[in-house]
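# no letters, just coordinates:
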């Protein structure tokens with residue numbers, strides 16, 4: 001099927017333009033914030049709504065700064081070392097989920113220390129909302145025609161504007177489903193368990209492992225970054241970055257459950 005003709009720019013007024021990509025970030029942060037407020041009001045509460053409102057600013061900076069620096073360091077370190085002025089040009093594209101994730105972790109730790117909040121318990125709440133942002137972000141990737149999949153010879157495929165004449169897997173939509181919708185439902189169902197809610201860190205572990213598995217699977221359909229290609233043992237950068245998330249996530253689940261039992 002041909003790529004849907006969707007303008008990446010929603011509307012513009014003079015030099016000011018609103019893009020789907022920016023709207024995705026804004027939507028993810030706002031809906032995630034509202035969802036965290038709802039969870040925070042559900043016993044056992046670990047933070048009040050005022051603190052949740054305060055954290056929105058911290059999370060925004062964590063996502064943007066971490067996502068940009070992650071892209072610079074993980075994907076194009078040599079290029080940005082030669083062109084340092086372009087590091088701040090986020091409007092030109094180039095964000096890393098793994099970097100944004102680390103940015104939010106740092107923001108969460110600093111925020112919880114400052115306000116004397118249980119970091120693991122609050123992290124569980126944030127983890128439940130994270131798939132919302134992932135879903136909107138991947139939809140925006142599809143609209144922009146970026147991060148598309150590998151060439152497919154099946155009847156299911158999309159001819160992307162910058163992907164050549166052959167149909168490719170719409171891997172952005174696969175990621176939206178697995179990393180966004182499926183992971184959100186899983187986190188939602190688990191968060192309804194009182195036992196899990198009373199085990200600080202368990203939901204963080206589930207999110208880490210769940211995202212890592214979802215991303216690792218989708219990478220088999222996603223086109224590797226042109227400047228990186230296939231790396232160690234034919235793996236992509238996305239897979240190599242996801243493996244530690246799976247291992248750490250499973251370790252966190254095991255450790256928190258053992259502490260709960262003891």
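Now that the structure is in, tell me what you want to look at. A quick note: this is a predicted structure, and the numbers were derived from the prediction, not measured.
# dihedrals phi and psi, residue 223?
Here is the backbone geometry of residue 223 (degrees, to the nearest 10): phi -70, psi 130.
# neighbours of it, how many?
18 (other C-beta atoms under 10 Å). For glycine as for every other residue, the C-beta is placed from the backbone atoms N, C-alpha and C.
# how about residue 247?
Applying other C-beta under 10 Å, we find 13 other residues in the vicinity of residue 247.
# also residue 84?
Neighbours around residue 84, by other C-beta under 10 Å: 9.
# for it, give me its contacts.
Taking C-beta atoms under 8 Å, 6 or more residues apart in numbering, we find residue 84 in contact with no residue.
# just the pLDDT for it.
With respect to pLDDT, residue 84 has a value of 82.
# phi and psi next, for it.
The phi and psi values for residue 84, taken as degrees, to the nearest 10, are phi -60, psi -30.
# ok, it to residue 225 distance?
20 Å (C-beta to C-beta, to the nearest Å).
# likewise residue 192?
With distances taken as C-beta to C-beta, residue 192 is found 38 Å from residue 225.
# who has more neighbours, these two?
residue 225 (14 against 10).
# which SSE is that one in?
Of the helices and strands defined by DSSP states H and E, none includes residue 225.
# that one touches residue 231, doesn't it?
No - counting by C-beta atoms under 8 Å, residue 231 is not a contact partner of residue 225; they are 10.0 Å apart.
# now do the shared contacts for those two.
residue 237.
# what's the neighbour count on residue 113?
By the measure other C-beta under 10 Å, the count of residues near residue 113 is 10.
# quick one: it and residue 218, what's the gap?
Distance from residue 113 to residue 218, by C-beta to C-beta: 35 Å.
# do the same with residue 233
Look at residue 233 and residue 218: by C-beta to C-beta, they are 18 Å apart.
# what of residue 60?
Distance, residue 60 to residue 218, by C-beta to C-beta: 26 Å.
# what's around residue 219, how many residues?
By other C-beta under 10 Å, neighbour count at residue 219 equals 23.
# which positions in the helix or strand residue 256 falls within come out as buried?
Element membership for residue 256, per DSSP H and E: helix 237-261. For helix 237-261, a neighbour-count test (16 or more other C-beta atoms under 10 Å) marks 237-242, 245-246, 249-250, 252-253, 256-257 as buried.
# what's it packed up against?
helix 97-115, helix 202-218 (3 or more C-beta pairs under 8 Å, 6 or more residues apart in numbering; DSSP states H and E).
# winner for burial among these?
Mean neighbour counts were taken over these using mean count of other C-beta atoms under 10 Å, and the top value, a mean of 23, falls to helix 202-218.
# so that helix versus helix 237-261, what angle?
Angle between the axes of helix 202-218 and helix 237-261 is 150 degrees (criterion: axes from the mean of the first three to the mean of the last three C-alpha atoms, to 10 degrees).
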